[in-house]
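> Sequence first, predicted coordinates after that:
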Amino acid sequence: MAESDDMSENANLQVVNGNGNGAPPAAPETQPQPSQPFGLGDEEAVLFGKIPGDGDSIGNKALRQSLGWDEEKYWKVRDGLITKGFISTGMGRGGSVYRLMHIVQSATPSPAQPQPARPEYSLERDLYQPFADALVKWAKEVPFTNYFIEDISAQGSRRTGGVWTRPDLVLVNVETYQYVPNKFLDVITFEVKPDDAWEIEAVFEAAAHSRFASRSYLAIHRNPAAPPSQDLEDRIEEECKRFGVGLIVFENPADYDTYDFIVEPLRKTYDPREVEKFIETQISSTNKTCLSRWLR
């Protein structure tokens, strides 16, 4: 894709991851190994072999744990399989993958491990940095090419256009395609709420961002020790669907594997004048320069 090298430059702009009877032990059974899929490296073949061969998806966390890999290695190999067209991404906590080509599975993934203890986040602003870090992983999952993530919540008395015109975080992405002309600007906003702010009004606040956003999300921290009522969760989900707002619920802000993308937002046709005003008034000079270069 055009200008993909800018991604490395932009990295620093993101908000800124024995048997008891005495008998000799039985010899281990040997499992027949399938031939390596054509076009895959050794590590890609290992990862591909862990994905169900019947079309079912498997979560990134469970897959990574079954492999025993660190995150950097996992994402690099996984993204290579996506680029080569062997797998695609799905939904669920922390995202998932599934096969696009049928090849015999070589192993069964191990069960997910228990989540670590949840750190405490008493204030909404305490959520912004771990949420931004999770967005970086989500951006790899999509994947986005030329993008930045910016926390625009703390802008003091800067005039931004009135009530509900300032999201907490924004992801701005520029995409080009091989067979589709022109460049496409995606402005994705995120309204982040702590675990004591499960309110219908939060949906309306996120929906108001559609004036200048192509997609808008409401992201709410859910404390498993004191969850909201099921009726309230269902009501917020229904209102998000009604207004075309995406809904993300997460239990541990610092653990992307606990992020659940429950509702996908509708892509809106924004007013170019509103987008221009939003970028001019709320995006940092550094990121505006980067965006101008991508759009050239």
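Nice, I can see it. Numbers count the residues shown, from 1 in each chain.
> For the rest of this, base every contact and every neighbour count on C-alpha atoms.
OK.
> and after the lengthiest helix in the chain, which helix or strand comes next?
Counting residues, the longest helix in the chain under DSSP state H turns out to be helix 125-141. The helix or strand immediately downstream of helix 125-141 is strand 146-151, counting by DSSP states H and E.
> and that following strand, which strands flank it?
Its sheet considered, strand 146-151 pairs with strand 169-176 (antiparallel) by DSSP bridges.
> so how far is Tyr270 from the spatially closest residue to Thr269 that is not a sequence neighbour?
Among residues not flanking Thr269 along the chain, Ser214 sits closest, at 6.2 Å (Cα to Cα, 6 or more residues apart in numbering). Ser214 sits 6 Å away from Tyr270 when distances are taken as Cα to Cα, to the nearest Å.
> Please enumerate the strands of the stretch 51-200 of the chain.
Under the criterion DSSP state E, counting those that start in this stretch, strands of the stretch 51-200 of the chain are mapped to 58-59, 87-90, 96-99, 146-151, 169-176, 183-193.
> And the contacts of the longest helix of the chain?
Residues from elsewhere that reach helix 125-141 (Cα atoms under 8 Å, 6 or more residues apart in numbering): 14-17, 75, 79, 89, 95, 121, 149-151, 168-169, 192, 194, 253-256.
> what's the answer for stretch 227-237, then?
Asp195, Trp198, Glu199, Ile200, Val203, Arg222, Leu247, Ile262, Val263.
> what packs against the helix or strand hosting the fifth one?
This means Val203. Of the helices and strands defined by DSSP H and E, Val203 is found in helix 201-207. In this structure, helix 201-207 packs against strand 183-193, strand 215-221, helix 230-243, with contacts taken as 3 or more Cα pairs under 8 Å, 6 or more residues apart in numbering; DSSP states H and E.
> redo that, cut-off 10 Å
The contact analysis (3 or more Cα pairs under 10 Å, 6 or more residues apart in numbering; DSSP states H and E) places helix 201-207 against strand 183-193, strand 215-221, helix 230-243, strand 246-250.
> low pLDDT regions in the chain?
Using pLDDT under 70 as the threshold, the predicted model of the chain has low-confidence ranges 1-39, 100-120, 155-165.
> If we use 50, what do you get?
In the predicted model, the chain carries pLDDT under 50 at residues 1-35, 101-110, 114-117, 156-158, 160-162.
> Would you reformat the strands of the stretch 51-200 of the chain as TSV and include distance to Lys140 and mean neighbour count?
Supplementary listing: these in TSV, determined by distance: least, Cα to Cα, whole Å; neighbours: other Cα atoms under 10 Å:
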stretch	distance to Lys140	mean neighbour count
strand 58-59	15	21
strand 87-90	10	20
strand 96-99	12	22
strand 146-151	11	24
strand 169-176	12	21
strand 183-193	15	21
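> Need those strands in CSV (columns: distance to Glu71).
Supplementary listing: the strands of the stretch 51-200 of the chain in CSV, determined by distance: least, Cα to Cα, whole Å:
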stretch, distance to Glu71
strand 58-59, 13
strand 87-90, 16
strand 96-99, 14
strand 146-151, 20
strand 169-176, 22
strand 183-193, 25
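> How about the contacts made by Phe204?
Residues in contact with Phe204 (Cα atoms under 10 Å, 6 or more residues apart in numbering) are Trp164, Leu218, Glu239, Cys240, Phe243, Val245.
> thinking the fifth one is in contact with His209, fair?
No - in this structure, Phe243 sits apart from His209 without contact. The criterion is Cα atoms under 10 Å, and the distance is 11.3 Å.
> Need the residues touching each of these two.
Here Phe243 and His209 share the contacting residues Ser216, scored by Cα under 10 Å, 6+ apart.
> Which one's more surrounded, these two?
For the pair Phe243 and His209, the greater number of neighbours falls to His209 (23 against 17), based on other Cα atoms under 10 Å.
> Wasn't the more buried one part of a helix?
Yes - checked against DSSP: H, G, I helix; E, B strand; the rest coil, His209 lies within a helix.
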